[in-house]
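K.L.:
Make a model of this:
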Amino acid sequence: MIYLRRMDYTVIVYHLLFHLLLLTLGFSPAFCFFSSIKNTFKWGVQSVGNAVCSGVNCCDFHLNDNVEENLTKLLKDKLFGQHIAASLLVEALSSHRTHKSQKALGIGLHGWTGTGKNYVSEMIAESLYKQGMRSPLVHVFAGRASFPDGDEVKKYRKDLLTWIRGNVSDCGHTLFIFDECDKWPVGLIDVIKPFLDYHSVIEGVDYRNAIFLFLTNTGGSAIGQRMLDLHEEGVIRDKLKFEDFHDEISLSLFNEEGGFFKSDIIRGDGIDFHIPFLPLEERHVRKCAERQFELKGYSNPTGRMIEDVLKNMLYGPTSNPIFSMTGCKRVHSLVLSVIARLKLEL
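P.N.:
Down below sits the predicted model:
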């Protein structure tokens with residue numbers, strides 16, 4: 001049974017009162033009656049629809065149209081210094097959605113902290129679902145926060161298996177975001193492998209429309225070193241291609257300690273795209289700062305305001321300090337600090 005909220009009844013009463021007012025102003029009774037019934041019925045249908053589809057019911061109700069166009073615009077407007085990632089992400093989603101995929105989509109996002117991996121995950125969710133990250137079809141697991149005890153791998157595997165199977169059973173168009181995979185207990189991530197294999201259906205559940213994002217620092221150091229080498233060779237950043245970092249990511253996945261270490265999900269190529277996030281330079285951090293000031297109502301921050309953010313960032317490596325060691329991660333808090341100081345000076 002569907003129950004309307006108290007607010008729903010209140011709005012219906014307001015509709016009726018409004019049309020009674022029209023009647024007192026001289027509008028014909030027939031006009032007021034039919035107008036009232038029409039608008040109230042239209043609103044009621046919409047309200048009932050929202051009530052029914054507030055969870056994972058009515059799977060299609062939660063989905064956006066024009067996903068690729070939306071994602072392309074978000075990446076262009078909000079992501080800085082990551083032309084390789086932006087291009088590959090749109091390609092990955094487009095190919096998976098346009099063609100009848102034979103498996104769930106697995107995407108690995110690799111790079112230093114603060115380079116935009118979490119930010120991009122939010123953009124993907126915003127593009128796919130009407131409620132973005134608040135959609136009931138988005139599920140986030142965050143490294144040690146979700147799996148704190150290395151001795152509980154058996155329990156975590158069982159829980160994760162049940163959670164994935166249950167949610168995809170409710171709606172195949174589900175997004176799973178696995179953050180800080182490098183901090184997962186070794187062996188846990190392999191429980192996801194069957195869902196990323198080439199199976200149309202597993203125990204009656206179709207996983208082919210599901211998307212799995214793996215966010216990790218694994219490969220970040222190798223990407224940074226390769227980036228530095230190419231920079232010193234005079235290669236222009238915007239000319240860099242995915243192939244310039246493929247070997248670095250592959251070797252890191254096999255050899256670095258952490259959640260991916262010697263995992264079957266890597267050996268079996270369950271992840272379709274391994275996307276490098278490049279270290280950010282000062283010019284990119286500047287854009288991040290400008291963006292944060294704009295979001296706080298300062299559309300034209302002064303040069304001093306920007307410099308007060310940039311001077312508190314740490315750059316490296318020591319031999320050639322051109323990269324922000326924390327990307328744009330600290331920018332938000334530094335912008336808030338600058339704004340607070342400005343208000344005190346008034």
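
K.L.:
Need the pLDDT of Val201.
P.N.:
pLDDT recorded at Val201 is 86.

K.L.:
Can you report phi and psi for it?
P.N.:
Here is the backbone geometry of Val201 (degrees, to the nearest 10): phi -140, psi 140.

K.L.:
now swap in Thr216 and tell me
P.N.:
Dihedral angles (degrees, to the nearest 10) for Thr216: phi -150, psi 150.

K.L.:
OK, contacts around it?
P.N.:
By CB atoms under 8 Å, 6 or more residues apart in numbering, the contact list for Thr216 reads Gly108, Leu109, His110, Glu180, Cys181, Asp182, Gly258, Gly259, Phe260. The C-beta positions use only the backbone N, C-alpha and C, and glycine is treated the same way.

K.L.:
Okay, and which of those residues map to strands?
P.N.:
Gly108, Leu109, His110 (DSSP state E).

K.L.:
The last one pairs with what?
P.N.:
Counting by DSSP bridges, His110 is bridged to Thr216, Pro276.

K.L.:
CA atoms of whichever strand or helix holds Arg144 as CSV?
P.N.:
Assessed by DSSP states H and E, Arg144 sits inside helix 143-146. In CSV, the C-alpha atoms belonging to helix 143-146 read as follows (Å, rounded to 0.1, in the frame of the first residue of the first chain):
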residue,chain,number,x,y,z
GLY,A,143,39.4,1.1,2.0
ARG,A,144,40.1,0.7,5.7
ALA,A,145,36.9,2.5,6.6
SER,A,146,34.8,-0.4,5.1
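
K.L.:
Beyond it, next helix or strand please.
P.N.:
Where DSSP H and E defines the elements, the next helix or strand beyond helix 143-146 is helix 153-170.

K.L.:
Give the rounded mean pLDDT of stretch 117-128.
P.N.:
On average, stretch 117-128 scores 98.

K.L.:
List of residues touching that stretch?
P.N.:
By CB under 8 Å, 6+ apart, the residues outside stretch 117-128 that reach it are 63-64, 67-68, 70-71, 74-75, 78-79, 82, 85, 89, 93, 109, 111, 132-133, 135, 137-138, 173, 175, 177, 179, 211, 213, 215, 277.

K.L.:
Which ChimeraX command selects the buried ones in the residues you listed?
P.N.:
Provided next is the ChimeraX selection string for whichever of the contacts of stretch 117-128 are buried by 16 or more other CB atoms under 10 Å:
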select :64,67,70,71,74,75,79,82,85,89,93,109,111,135,137,138,173,175,177,179,211,213,215,277
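
K.L.:
need the strands for the stretch 1-150 of the chain, in chain order.
P.N.:
Secondary structure of the stretch 1-150 of the chain by DSSP state E, counting those that start in this stretch: the strands cover 105-111, 138-142.
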